[in-house]
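Visitor: need the 3D shape of this:
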Amino acid sequence: MFKVFDIAGSALSAQSLRLNTTASNLANADSVSSSTEQTYRARHTVFAAALNDAQEAVGVDVRGIVESQAPLRQEYRPDHPMANGDGYVFLPNVNAVEEMTNMISASRAYQSNVEVINTAKQLMLKTLTLGQ
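Guide: Prediction:
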């Protein structure tokens, strides 16, 4: 009966990590570098269902954070202090629209899991008052 709290709690933790990763991507969206090796790359969280020994879902498992394989942006700015020898600067492969969509989705998933916890709590409290 208390599994709902464990499952929703693991989902809250996963969505919180997703929100933090998305915020980091947005914060670095306009950072500039002079080489591809030093340029920030967008990061994304990878989730999977956490399973117990009987292969039943018991929560959300964060498998890791992966870097996006999308190509970096390159702009010709010969006057920029970070420009390389050819006059180019490199910008992250962060798509602000995609990141805002991820942020809204993670925020709504977080809110939904808070509602699951609140509803389960209210149902348990109502169950306790049945015998009165």
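Visitor: middle-most residue in the protein, spatially?
Guide: Closest residue to the average C-alpha location of the chain: residue 18 at 1.6 Å, with Cα atoms, centre = their mean.
Visitor: the nearest residue to that residue once chain neighbours are set aside is in what secondary structure piece?
Guide: Excluding the flanking residues, the one nearest residue 18 by Cβ to Cβ, 6 or more residues apart in numbering is residue 106, at 4.3 Å. (C-beta placed from N, C-alpha, C; glycine too.) Applying DSSP states H and E as the criterion places residue 106 in helix 96-128.
Visitor: may I see the buried residues of the one helix or strand residue 7 maps to?
Guide: Assessed by DSSP H and E, residue 7 sits inside helix 3-27. Buried positions in helix 3-27, judged by neighbour count with 16 or more other Cβ atoms under 10 Å: 7-8, 10-12, 14-15, 17-19, 21-22, 24-26.
Visitor: farthest pair within the residues you listed?
Guide: Across the buried residues of helix 3-27, the two members that end up farthest from each other (Cβ to Cβ) are 7 and 26, 28.8 Å apart.
Visitor: which helices and strands sit right next to the helix holding residue 7?
Guide: Using 3 or more Cβ pairs under 8 Å, 6 or more residues apart in numbering; DSSP states H and E as the contact criterion, the secondary-structure elements in contact with helix 3-27 are strand 43-51, strand 57-67, helix 96-128.
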